[in-house]
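> mind looking at a prediction? Sequence and model below.
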Amino acid sequence: MLTLVPYVLASQGTMLAGRAGIFNVSQEGIMLAGASVGFLGAYLSGGNLLQGLVLATVTGALFGLALAYFTTTLKMDQFVVGLALFFIGLAISTLLYRLAVGVTLTPPLIPTLREIALPGLSHIPVVGEIVFRQNVLVYGAIVLSLILYLFLYTSGPGLALRAVGEHPMAADSLGVNVPVVRYVATVVGGMLIGLAGAYLPMVYTATFTDGIVRGRGWLSIALTFFGGWSPHLIFFGALFFAAVEVLAFRVQVTGIGVPYQVILMLPYLATMAVMMPTFRRLQIPAFLGKNYDRERRMLL
């Protein structure tokens, strides 16, 4: 369950922006920036993990705000802006760490999120240990997926969000403020992606390294497509992706003589394997990746 969280948070953040028509491809960079800022926030505050999580979330929000501004206000190409933000996040993550910590023989460490055992449920054989004895972000990722499902399919604002991603002209004609919806969805999505990055040093490594994200940001894009841009399907898809990642670790530990480079390829090979049979029936927002110009009442 520990490996589930980064996939869920990053993919749900991607889904939120995509439902408003914004195709975010900067997940890897935002997660790296979130990991770096989150680690430094906790480290420089003497191990205050909450401060690190908050700073990582704010960092993700700033990236989301930049993406929304350049694409919604300035009408720039979403893919190009996303790639630019990816490289900015990549550079910032390394720069901030070097400025704050420098080059050391022993990397600085922070405490990791502690497990919280739910009374009664954690004592259920097998399932209790796996599901009900986890850190707070594991529970948060599960609850978040449920909340997003209810929000999208049972609420008025959720309907407005889906309408903006499907047909912004129709939504605009019904009084929906398309730019505001796009801004909010992209900023909140960025917050979730930044939080996904902070999770890695606070649970996995207790420190920050340049390659800590290891492609999870790119995989979250594939997971969002695989899940049909629906919160519940994305959650179940994240379970599969997390299981493949755990399998790769287990195979590497067993020492079966397979080169570790091949083992590292397993998540990506699994992604291709599941995407090929489902590609033809993928359901994506109709105007994903397109910009809406209200003055001309058209899509760019």
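Arrived safely, thanks for sending.
> count of neighbours near the nearest residue to Trp218 once chain neighbours are set aside?
For Trp218, ignoring the flanking residues on the chain, the nearest one in space by C-beta to C-beta, 6 or more residues apart in numbering is Glu28 at 5.7 Å. Heads up, the C-betas are built off the backbone N, CA and C, glycines and all. Glu28 has 25 neighbours, counted by other C-beta atoms under 10 Å.
> so Glu28 versus Phe87, what's the distance?
Between Glu28 and Phe87 the distance, using C-beta to C-beta, to the nearest Å, works out to 10 Å.
> again, but for Glu129
Taking C-beta to C-beta as the criterion, Glu129 is separated from Phe87 by 41 Å.
> repeat for Thr112
When C-beta to C-beta is applied, the distance between Thr112 and Phe87 equals 29 Å.
> which of the two has more residues huddled nearby?
Neighbours per residue, other C-beta under 10 Å: of Thr112 and Phe87, the larger number sits with Thr112, 15 against 12.
> before we move on, what SS does that one have?
coil (DSSP: H, G, I helix; E, B strand; the rest coil).
> pLDDT value on it, please?
The predicted local distance difference test score for Thr112 is 94.
> is it true that it touches Val203?
Yes: taking C-beta atoms under 8 Å as the contact criterion, Thr112 and Val203 are neighbours in contact, 5.6 Å apart.
> how about low-confidence regions in the stretch 151-300 of the chain?
Residues of the stretch 151-300 of the chain that meet the criterion pLDDT under 70 lie in 252-258, 260-261, 263, 278-281, 296-300.
> do that again at 90, thanks
Low-confidence regions of the stretch 151-300 of the chain, defined by pLDDT under 90, span residues 204, 210-211, 214-215, 222, 226-228, 237, 239-284, 292-300.
> please enumerate the helices of it.
For the stretch 151-300 of the chain, the helices identified by DSSP state H, counting those that start in this stretch occupy 156-166, 168-173, 178-199, 216-226, 231-254, 260-264, 266-278, in order along the chain.
> and the ones you listed: which comes nearest Tyr149?
When those are compared for distance to Tyr149 using C-beta to C-beta, the nearest one is helix 231-254, at 4.4 Å.
> what angle sits between the closest one and helix 266-278?
140 degrees (axes from the mean of the first three to the mean of the last three C-alpha atoms, to 10 degrees).
> buried ones in helix 231-254?
Of the residues in helix 231-254, those scored as buried under the neighbour-count criterion (16 or more other C-beta atoms under 10 Å) are 231, 233-235, 237-238, 241-242, 244-245, 248.
> one more: stretch 271-279?
Taking 16+ other C-beta under 10 Å as the neighbour-count basis, stretch 271-279 is seen to contain the buried residues 271, 274.
> which residues does that stretch contact?
Residues outside stretch 271-279 that contact it (C-beta atoms under 8 Å, 6 or more residues apart in numbering): 219, 222-223, 225-226, 240-241.
> same list, these, but as TSV with distance to Thr209 please.
Listed next are those as TSV, based on distance: C-beta to C-beta, whole Å:
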residue	distance to Thr209
Leu219	18
Ala222	23
Leu223	23
Phe225	28
Phe226	28
Phe240	26
Phe241	21
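> how about the residues you listed, which pair is most distant?
The span of those, defined through C-beta to C-beta, is set by Phe225 and Phe240 at 13.6 Å.
> quick one: what helix or strand has the residue nearest to Trp218 in it?
Counting by DSSP states H and E, the secondary-structure element that holds Glu28 is helix 27-44.
> check which helices and strands the helix or strand just after that helix is in contact with.
Heading C-terminal from helix 27-44, the first helix or strand you meet, by DSSP H and E, is helix 49-68. For helix 49-68, the packing partners by 3 or more C-beta pairs under 8 Å, 6 or more residues apart in numbering; DSSP states H and E come out as helix 4-19, helix 27-44, helix 78-100, helix 178-199.
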